[in-house]
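Visitor: sequence and predicted structure, then a few things I'm wondering about:
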Amino acid sequence: MISVHLDKVAKRFGYRYIFKNLSFKFSDGIYGISGKNGSGKSTLLKVISGFMSYTDGHISYSFDSQQIKRSNIYQKVSVAAPYVNLIDEFTLPEIFLFHQDHKRLDCNGYDDFLEILDYPYRPDTFWKEYSSGMQQRVKLGLALLGDASLLILDEPTSFLDDKASDWFYSLLSQKNNGRLILIGSNDKRDFLQCRSIINIEDYH
């Protein structure tokens, strides 16, 4: 079980604070990060994931009651976000094999992965040829099936139609046990499974 403790954390770009004095302890379960567009949701998620530094305060991580160095947190994290992309010239089978080399996926091979995605992907189509919705479904599938204790899902249902969103919510409910999942969104439907929601605008 992983936990993340934020103690008076702040992030500033130049002279402008994106958020400040944010204290919260995340343990297992699903949490929402809400706020209007441009309010700092993605920035907070990048800071928690270790992708971006913070300006003030402190963040500590623990796994099974053992402290984890911030420099090693990437080993426990999977991210699905609009700013995360995959290799344009890879096909889906190549993406699957590449991902398996770095984080084991909770499925029985490529055919099972394709069945879980529940979409008729062609094996000879390059990533760059996928629509935004097709790419988003793959990114979410990789994140939710990946061997990671901390999942960062930023705007997870962006580019998804209603049917694809229902697919995501179903997979999320199946893959949340024993994990910490943070969802950044301004869509209230994305928070239906959350145990708690933080409004980033409360920390401006």
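Guide: Nice, I can see it.
Visitor: alpha carbons only for contacts and neighbour counts from here, please
Guide: Fine.
Visitor: now name the helix or strand holding the residue nearest to the spatial centre of the chain.
Guide: Taking Cα atoms, centre = their mean, the centroid of the chain lies closest to Ile152, which sits 2.1 Å from it. Assigned by DSSP states H and E, Ile152 falls within strand 150-154.
Visitor: strands paired with that strand, and their directions?
Guide: strand 77-80 (parallel), strand 180-184 (parallel) (DSSP bridges).
Visitor: could you dump those to JSON lines with mean pLDDT and mean neighbour count?
Guide: Output for the strands paired with strand 150-154, formatted as JSON lines (pLDDT from 0 to 100; neighbours: other Cα atoms under 10 Å):
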{"stretch": "strand 77-80", "mean pLDDT": "96", "mean neighbour count": "23"}
{"stretch": "strand 180-184", "mean pLDDT": "98", "mean neighbour count": "25"}
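Visitor: spatially nearest residue to the residue nearest to the centre of the chain, not counting backbone neighbours?
Guide: In space, and not counting its chain neighbours, Ile152 is closest to Val79: 4.7 Å by Cα to Cα, 6 or more residues apart in numbering.
Visitor: OK, contacts around the one you found?
Guide: Val79 makes contact with Ala143, Leu151, Ile152, Leu153, Asp154, according to Cα atoms under 8 Å, 6 or more residues apart in numbering.
Visitor: circling back: my read: the residue nearest to the centre of the chain touches Val77, true?
Guide: Yes - in this structure, Ile152 is within contact of Val77 by Cα atoms under 8 Å, at 7.4 Å.
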